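Novice: Everything below, folded, please.
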Amino acid sequence: MPLILSRRVRLPAAGLTLSWLLVLAMPPAIAQPDTAAEPPPEALAAPAPDSAAAPAASTAAGDAEPLSWFDDGRPRAELREAVDLLLAAPTQGLDAEDYDAAGLQQALAHVEAVGPLNAAAQAALEARLTAAVLHYLHDLHIGRIDPAALHQHFALTPRPEEDLHLLLREALVRHQLPAVAAALAPQVPAYGRLRVALADYRRLAASSSAWQQPLPALPGAGRNQPGKLVPGQTWSGVDRLAERLRALGDLDAAATVAPLFYIEPLVGAMRRFQERHGLPADGVLGKASIAALGVTPSSRVHQIELTLERARWTPLLQAQRMIVINIPEFVLRAYEVGDGGVDVREEMRVIVGKALDTRTPLFDEAMRYIEFSPYWNVPPSIAKAELVPKLRRQPGEWAREGYEFVLADGSVQTALDKAGLDAVLRGGARIRQRPGERNALGDIKFVFPNRDNIYLHHTPSVGLFARERRDFSHGCIRVERPLALAEFVLKNMPEWTEARISEAMTAGKSATLKLDEPIPVLIAYGTALVKQGRIHFFDDIYGHDRLLDEALRQRPRRPADASPASGADTP
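Specialist: I've put the predicted structure just below:
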């Protein structure tokens, strides 16, 4: 049976030829989307093994021959590399305690101090180390949490546990354990940048005293009034604010700040801070800015760790061309993958589902067609809860907005009457909006069939794109620049020029275009991201970070070992 890992694994050749095992273990770097059929439901969320159970499952896979970490009773270099790898788990946003790192370090020191172990003790230590390393590789490659348990429906490739055991064996034979571990981590640039930011914020949390005292109340603050600080005002918190902004890198370390006065260069530094935290970059300190300034570096460390965990099971690289929406950032990126890396071709603002009650779900599917000048088929839930009551109060909306009934037999009724509205409430008819400038979907709709009936579309309400927080929809995603997105989607269909796309969008007659090559669309969730070399943080608007944090805290943990050498005795 061919071995399958979730990502391409590249090892430095160093003059060596890849073994048959590694060749079998490596799928193509980019999987082409299926153009024939949707994936079966059972393929949408292949369950990951329980974190605590992963090591046992791995070592038992196929009753594999035990791995050897000793030569003639002496620890091999790979044993020390393995212990160092486990001790460095926090640099990946993982917990070294999950892998018995300190215990294994102590056991190694014991062996090095007293000499070779007897056969039984050596075998026990080898089994213990193998289990820990496999557990670590599993978590690094797949993650510690099954995303389906958090209602995140990504189409993940099944990952047999025995693959990791065989890969680890080959890594030891080739003396390339660190390279194998590095290759099993997510291979997207964003992951590596977040690891750098994680290290920076850990240092900041350990060294900075800027958060030891709270910032004083803002001018005008009082009962039920948070207050506000605008450029030019005086404030007793200027020095503390400058200390925090220097620590975070938004204010130059050598900049001179005037006592008490909130003026440049502090105002400019505050704007940079606001821009990095998804706030209006106006330099005005209000409730939201003060709240963001109050988040400690240690809290940001945990936020980055949660984002790294998500990256392990979010399918970011699926095809040569892909569209990714990051919900907390309210941004869509369309990118291409080439030999030079990932190239972002389009980036635009989006409007997503309301956090309160109509959240946009997280999943990935292939975009298969575009609808120009689309009809808007009003979802029954919206029709019953919102539109029918509104039409009864304001019947003039019917003609002004271009609505019509579609009856059970498929016939269309353009006149508004009580019987039609009653039929909608009974489920015997539906309402749709004709193509036109007032259509809720705008002039184009990008369709990637899915169980939640989520799609991308334009909107006549373009003013909402100017807002910093943009969760206003019923779940579907509105795009700021639909023409640019359509040009990206149709790049490989050259007959669809910009002029032809624009003409179809404004034709006023609905038309559907099937794509020659489906394009993966990923709706993802990351509250930390490095852009232009600076870390940006976004609000956890849907509470997904909180749920992930709870799941990680509640997962089964490995029991503590009875002794440092785990049964080892002296010779």
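
Novice: Give me the residue ranges of the stretch 101-250 of the chain where confidence is low.
Specialist: 156-162 (pLDDT under 70).

Novice: how about the helices of it, start to end?
Specialist: 101-114, 119-142, 161-173, 177-184, 189-207, 238-248 (DSSP state H, counting those that start in this stretch).

Novice: Out of those helices, which gets nearest to Leu515?
Specialist: helix 189-207 (26.6 Å; Cβ to Cβ). Where C-beta positions appear, they are placed from N, C-alpha and C, glycine not excepted.

Novice: care to break this structure down by domain?
Specialist: Following automatic domain parsing, the chain resolves into domains at 20-194+546-554, 212-295, 317-530.

Novice: rewinding a little: export the helices of the stretch 101-250 of the chain as TSV, with columns for distance to Glu498.
Specialist: Converted to TSV, these look like this (distance: least, Cβ to Cβ, whole Å):
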stretch	distance to Glu498
helix 101-114	56
helix 119-142	42
helix 161-173	46
helix 177-184	41
helix 189-207	30
helix 238-248	42
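
Novice: So which of those helices is nearest Ala221?
Specialist: Nearest to Ala221, of the helices of the stretch 101-250 of the chain and by Cβ to Cβ, is helix 238-248 at 14.9 Å.

Novice: and Leu425, how far is that from Gly396?
Specialist: 20 Å (Cβ to Cβ, to the nearest Å).

Novice: quick one, what contacts Lys228?
Specialist: 218-220, 284-286 (Cβ atoms under 8 Å, 6 or more residues apart in numbering).

Novice: among those residues, who's most crowded?
Specialist: Counting neighbours by other Cβ atoms under 10 Å, the top entry in the contacts of Lys228 is Leu285, with 27 neighbours.

Novice: With adjacent residues omitted, what lies nearest to it?
Specialist: Leu229 (4.0 Å; Cβ to Cβ, 6 or more residues apart in numbering).

Novice: Same check on Ala242?
Specialist: Nearest non-adjacent residue to Ala242 (Cβ to Cβ, 6+ apart): Val257, at 4.4 Å.

Novice: Phi and psi next, for that neighbour.
Specialist: phi -110, psi 130 (degrees, to the nearest 10).

Novice: Tally up the residues packed near the residue nearest to Leu285, please.
Specialist: Each residue near Leu229 was counted by other Cβ under 10 Å, and the total is 24.

Novice: from memory it sits against Val284, does it?
Specialist: Yes - in this structure, Leu229 is within contact of Val284 by Cβ atoms under 8 Å, at 7.0 Å.

Novice: tell me, what's touching those two both at once?
Specialist: With Cβ under 8 Å, 6+ apart, Leu229 and Val284 have no common neighbours.

Novice: can you pull the contacts of the residue nearest to Ala242?
Specialist: 238-239, 242, 251, 265-266.

Novice: Closest to Lys445 out of those residues?
Specialist: Nearest to Lys445 among the contacts of Val257, counting by Cβ to Cβ, is Leu251 at 45.5 Å.

Novice: Count residues in the vicinity of the closest one, would you?
Specialist: A count of nearby residues for Leu251, using other Cβ under 10 Å, gives 22.

Novice: is it true that it lies in a helix?
Specialist: No - Leu251: not assigned to a helix; according to DSSP: H, G, I helix; E, B strand; the rest coil it is coil.

Novice: gap between it and Gly268?
Specialist: Here Leu251 is placed at a distance of 8 Å from Gly268 (Cβ to Cβ).

Novice: and if you look at Val301?
Specialist: 27 Å.

Novice: Gln318 is in contact with Ala524, isn't it?
Specialist: No - contact criterion Cβ under 8 Å: Gln318 and Ala524 do not qualify, at 11.8 Å.

Novice: The residue nearest to Lys354 when sequence neighbours are not counted: neighbour count?
Specialist: Spatial nearest neighbour of Lys354, chain neighbours left out: Asp471 (5.1 Å); criterion: Cβ to Cβ, 6+ apart. Residues near Asp471, counting by other Cβ under 10 Å, number 20.

Novice: Show me where the stretch 1-150 of the chain has its strands.
Specialist: Remark: strands assigned in the stretch 1-150 of the chain by DSSP state E, counting those that start in this stretch are 70-71, 74-75.

Novice: Need those in a markdown table (columns: mean pLDDT, mean neighbour count and distance to Leu172).
Specialist: Formatted as a markdown table, the strands of the stretch 1-150 of the chain follow (pLDDT from 0 to 100; neighbours: other Cβ atoms under 10 Å; distance: least, Cβ to Cβ, whole Å):
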| stretch | mean pLDDT | mean neighbour count | distance to Leu172 |
| --- | --- | --- | --- |
| strand 70-71 | 94 | 14 | 11 |
| strand 74-75 | 94 | 16 | 13 |
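
Novice: which stretch among the ones you listed comes nearest Ala127?
Specialist: strand 70-71 (12.1 Å).

Novice: List the pairing partners of the closest one within its sheet, with orientation.
Specialist: strand 74-75 (antiparallel) (DSSP bridges).

Novice: For the partner strand, which outside residues touch it?
Specialist: Residues contacting strand 74-75 (Cβ under 8 Å, 6+ apart): 69, 108, 111-112, 116.

Novice: so Arg349 touches Glu329, yeah?
Specialist: No - between Arg349 and Glu329 there is no contact under Cβ under 8 Å: 9.4 Å.

Novice: all strands for the stretch 251-400 of the chain, in order.
Specialist: 321-326, 331-338, 341-353, 362-372, 376-377.

Novice: In the fourth one, which of the residues would be classed as buried?
Specialist: By 16 or more other Cβ atoms under 10 Å, the buried positions in strand 362-372 come out as 362-368, 370-372.

Novice: any idea how far Gly427 lies from Asp452?
Specialist: Taken as Cβ to Cβ, the span from Gly427 to Asp452 is 20 Å.

Novice: With Leu248 instead?
Specialist: From Leu248 to Asp452 the distance is 38 Å (Cβ to Cβ).

Novice: So if I had to pick from the two, which one is more boxed in?
Specialist: Remark: of Leu248 and Asp452, Leu248 carries more neighbours, 22 against 14, as counted by other Cβ under 10 Å.

Novice: which residue ranges form the helices in the stretch 451-571 of the chain?
Specialist: 482-489, 498-505, 544-554.

Novice: can these go into a markdown table with extra columns for mean neighbour count, distance to Val447 and mean pLDDT?
Specialist: Below are the helices of the stretch 451-571 of the chain laid out as a markdown table (neighbours: other Cβ atoms under 10 Å; distance: least, Cβ to Cβ, whole Å; pLDDT from 0 to 100):
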| stretch | mean neighbour count | distance to Val447 | mean pLDDT |
| --- | --- | --- | --- |
| helix 482-489 | 20 | 11 | 98 |
| helix 498-505 | 15 | 15 | 96 |
| helix 544-554 | 16 | 25 | 96 |
